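A.B. asks: What would the 3D arrangement of this be:
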Amino acid sequence: MDDLEKAILILFDEWGGGPIDEGLKKQAKDYCDESKEKPLICSVCIEKLCFSNSVQVQFWCLQTLHEVIRVRYSSMSLDEKFFIRKSVFSFACLEAIDEKNVARVLEGPAFIKNKLAQVLVTLIYFEYPLIWPSVFVDYMPHLSKGAVVIDMFCRVLNALDEEVISLDYPRTSGELEAAGRIKDAMRHQCISQIVRAWYDIVSLYRNSDQELCTSVLESMRRYISWIDIGLIVNDVFIPLLFDIVLAGGLLEQFRGAAAGCLLAVVSKRMEYQAKLSLLQSLQISRVFGLVAEDGDSELVSSIATLLTGYAQEVLECFKRLNSEEAKSVSMELLNEALPSVFYVMQNCEVDASFSIVQFLSSYVGTMKSLSPLRENQLVHVGHILEVIRAQICYDPAYRNNLDILDKIGREEQDRMVEFRKDLFVLLRNVGRVAPDVTQVFIKNVLGSSVASSPDRNVEEVEAALALFYALGESVSEDSMRSGSGLLSELVVMLLSTRFPCHSHRLVALAYLETVTRYMKHVHENTQYIPIVLTAFLDERGIHHPNINVSRRASYLFMRVVKLLKVNLVPFIEKILQSLQDTVAQFTSMDYASKDHSGCEDGSHIFEAIGLLIGMEDVPLEKQSEYLSALLTPLCQQVEALLMNAKLLSPEEAPAKIAIIQQIIVAINSLSKGFSERLVTTSRPAIGLMFKQTLDILLQVLVVYPKIEPLRIKVTSFIHRMVDTLGASVFPYLPKALEQLLAESEPKEMVDFLLLLNQIICKFNTLFNDILEEVFPTIAGRIFNVIPRDAFPSGPGTNTEEIRELQELQRTLYTFLHVITTHRLSSVFLSPKSRPYLDPIMQLLLSSSCNHKDILVRKGCVQIFITLIKDWCASPYSEEKVPGFQGFIIEHFATNCCLYSVLDRSFEFRDANTYVLFGEIVLAQKVMYEKFGDAFLRHFLSKGFPAAHCSQDMAEQYCQRLQGNDIKALKSFYQSHIENLRMQQNGSLVFR
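C.D. replies: Numbering: from 1, shown residues only. The predicted structure is shown next:
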């Protein structure tokens, strides 16, 4: 054993029998790598393959040969290439390399033979057919040596397919060219001989060596897609393949390999009329019965893949061919195959490359042109529905996980939601093609799922409900309302059925969602309302033991109330009575401590109650009674909690604060059912109750000024009261705004400004006096925390504090925009606000020119346009705001309207930027209307010369500006700016 062999064995951890030192292993690797670089390494490897019995040495030598040929082939001498070619071919054919040395590589394990095949294929890649045209022809006589050489030949063909020919792997253009060259040469020279050899070997060895025959057929399958199909589809080979598939006493793998060859024949690309003739001639129906054998067997899996592939091809022929005869033949073949295909879909493991949904969707698509459907097609519809039902069923193994919705359950639910999407699209298409069959199927499934065994009950009931829910999307509005077909019967069946597994979360949710989906039918058939209310109010819905179901039921019940509204007036007493415990529980200590993340926190039950009792159809006396019964205890609870707040220990406080939060959320939701007209005009007594409630809840800000969740909830309630109470909320606003402003951080100031925006948008100038009072404090707070210049950038600047300040600044722009566009700009000029006028103008100017967000820049320009209109009457009149006209002309006009658009970052092709440009052009028009020649003189004498604008262009600009066509001005100014950019070519940097 020489040093190289020792190094190889060390590298493969096969030296000395014990653990090998990492340092020694590194030395061995370095030595082997150095050996690979030596000029004679190929000769060394071939010599060792002749003499060494170590599989590690053999593998390393073959791997090295493979690498060296791939990398150095072009630089090798002709003698070296010949020696390698002769030696490798001899190894593969079990020939002696010379008179003495008979290599025994083929006696090694499979991975050695596969690596040898890879080396030979690398030579074929470089040398066939130009240098070594006889490689395949030379190999054929050696097949008579028996199974060892035949097996090696199969490995070579497999490696050739994987390494060169198959398009299942990404290929370079050079590899594609080589593959085309090799295939053309093989078709011309030797493929018919190879096919004949395949046939002879399988015929000879089918009883004595079925594993060898399996290898041969698996190799053959790879080649059928590109060789002359007549070599396989003939009176000799096709009967042999069917004979093997149908022979009961043969190995399953052998029969499966024959089925794989038939699938390759079926899938062969060709003109569709020829394909249909081929499919018809195969008489594939003789293997249909095999799928009913042991469903887990390898053979059944192969037959299933053959059948689904065959059905796909027949369906494609039906779609592509237009003649009546061709369509008739293909539909006949399809109808013959479909029962077995449906059986496969429901009982067998389907090949990953076959999409059940895609195939069935395609088949259902063909049905649209076959109306009315024939009897066998209606039967097929039933099979399709059964396939869908089977596919959407959850695995019972996940039943408990899905009930408690732990991590495993959530993952399975998410997976199934995604998996079901296409199946439900298919269901809706089936529902449109055959609505009656679909509805009968769902009725039967609903009925049978109730009676199914407990071990499948949950999954089958949930699947039945999911089917009925999904069907709703294919039902038209009119059909939903009238209950055409069996729909009315199905809805009644749904409402009146009590499923034994209703306690399971999945079933309960599916039931409630489905009931809600068909509520439009109930809206037209009000006799069902009592059954609907019972379903939502008992343990199937709001009183379900699972809190997630209960909360979802509350939300869905709110949607039901929104739809049925006035129809529910006779049931209000019953509903409120049933919900007493739920209402009380919502503000209890136990409920408040639970997780309320997400939009379904249980508060929707109060919104539902508000919608019910907030209708004008409810008599005033009853309405007051209902509302008082809800608000009074809640307000008393808040007052008691606030009164005792100072006595609470730090441990007790969080729980009490959580209860107050819940109460505010409840009252807020309740108020959504009451319109502004009702509480201010028709029934002001109701409005008074909400005003008293607001007064109490504002005390929360006094007692707990720094508790952020409470501030957010109270702010949300003020938003609601602005909408509900209208102008009658004004007396409460100063106190509310004062409390919210008292302890506000940047994040809270954002919420505060959003509230003010809502109030301004609703009341406009009516809000002027209150805004004048609070604006100086707001401006002072904001300008104390936001930077006067740009925010810092670079590493370490993307902190939460910086992000909060950026959000505050963005909200400030909106706030200023809302003020100016609602005729409240005089607020900026009040004595207390005057000190902030200059910082505001400077911020707006800088942002209108430089802000990264184009929408912010547009907003700032719009603010300036409005201020110019508000504060500047007409040319030569007395200034309303001293210095403002000069600021606009000297700074805004040149910096924003000229220099900022000259900057190449101002991209006209961007839609938002182009809208900003329109505002900038409008600003110039407004400045000319308000300032006259004063604007023009400065703009033309200071701005244009700095931009190297010609006198002629300046005169054209004046003419356009003084005209009445704003579109022409915009078009001219854009062209003008683009010309100036081209002239400067980056030589002048503005600002």
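A.B. asks: give me every residue that touches Gln842.
C.D. replies: Arg788 (CB atoms under 8 Å, 6 or more residues apart in numbering). (C-beta placed from N, C-alpha, C; glycine too.)
A.B. asks: What of Asp751?
C.D. replies: Arg711, Ile712, Thr715.
A.B. asks: most neighbours, which of those residues?
C.D. replies: Counting neighbours by other CB atoms under 10 Å, Arg711 leads those with 22 neighbours.
A.B. asks: what helix or strand is Arg711 on?
C.D. replies: Arg711 is located in helix 708-725, with elements delineated by DSSP states H and E.
A.B. asks: Remind me what that helix packs against, helices and strands.
C.D. replies: In terms of contacts (3 or more CB pairs under 8 Å, 6 or more residues apart in numbering; DSSP states H and E), helix 708-725 is packed against helix 653-671, helix 676-677, helix 684-703, helix 733-742, helix 746-763.
A.B. asks: Switch the ones you listed over to JSON lines; also include distance to Asn548 and mean pLDDT.
C.D. replies: Output for these, formatted as JSON lines (distance: least, CB to CB, whole Å; pLDDT from 0 to 100):
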{"stretch": "helix 653-671", "distance to Asn548": "17", "mean pLDDT": "94"}
{"stretch": "helix 676-677", "distance to Asn548": "35", "mean pLDDT": "96"}
{"stretch": "helix 684-703", "distance to Asn548": "29", "mean pLDDT": "95"}
{"stretch": "helix 733-742", "distance to Asn548": "34", "mean pLDDT": "91"}
{"stretch": "helix 746-763", "distance to Asn548": "29", "mean pLDDT": "94"}
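A.B. asks: among the ones you listed, which is the most enclosed?
C.D. replies: Of all the helices and strands packed on helix 708-725, helix 653-671 has the most neighbours on average by mean count of other CB atoms under 10 Å, namely a mean of 21.
A.B. asks: Kindly provide the distance from the nearest residue to Tyr518 once chain neighbours are set aside to Lys574.
C.D. replies: Distance criterion CB to CB, 6 or more residues apart in numbering; nearest residue to Tyr518, sequence neighbours excluded, is Val491 at 5.0 Å. Between Val491 and Lys574 the computed distance is 22 Å (CB to CB, to the nearest Å).
A.B. asks: So these two - more neighbours on which side?
C.D. replies: Legend: neighbour count by other CB under 10 Å for Val491 and Lys574, higher for Val491 (24 against 14).
A.B. asks: Beyond the helix or strand of the chain with the lowest mean pLDDT, next helix or strand please.
C.D. replies: Every helix and strand in the chain was compared by mean pLDDT, DSSP states H and E; the lowest is helix 589-592, with a mean of 62. Moving toward the C-terminus from helix 589-592, the first helix or strand encountered (DSSP H and E) is helix 604-613.
A.B. asks: other SSEs contacting that next one?
C.D. replies: Contacts defined by 3+ CB pairs under 8 Å, 6+ apart place helix 604-613 against helix 547-564, helix 572-586, helix 620-643, helix 653-671.
A.B. asks: Quick one: the ones you listed as CSV, columns for distance to Glu772 too.
C.D. replies: Converted to CSV, those look like this (distance: least, CB to CB, whole Å):
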stretch, distance to Glu772
helix 547-564, 40
helix 572-586, 41
helix 620-643, 31
helix 653-671, 29
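A.B. asks: Ala257 is nearest to which of those helices?
C.D. replies: Closest to Ala257 of the helices and strands packed on helix 604-613 is helix 547-564 (CB to CB; 51.7 Å).
A.B. asks: The closest one - contacts with which helices or strands?
C.D. replies: helix 505-517, helix 519-524, helix 529-537, helix 604-613.
A.B. asks: what angle do the longest one and helix 547-564 make?
C.D. replies: For the pair helix 505-517 and helix 547-564, the angle between their directions (axes from the mean of the first three to the mean of the last three CA atoms, to 10 degrees) equals 10 degrees.
A.B. asks: now do the last one
C.D. replies: With the same axes, to 10 degrees as the criterion, the two stretches helix 604-613 and helix 547-564 enclose an angle of 20 degrees.
A.B. asks: between helix 604-613 and helix 620-643, how many degrees?
C.D. replies: With the same axes, to 10 degrees applied, the angle from helix 604-613 to helix 620-643 works out at 150 degrees.
A.B. asks: Since that was my last question, I'll sign off now.
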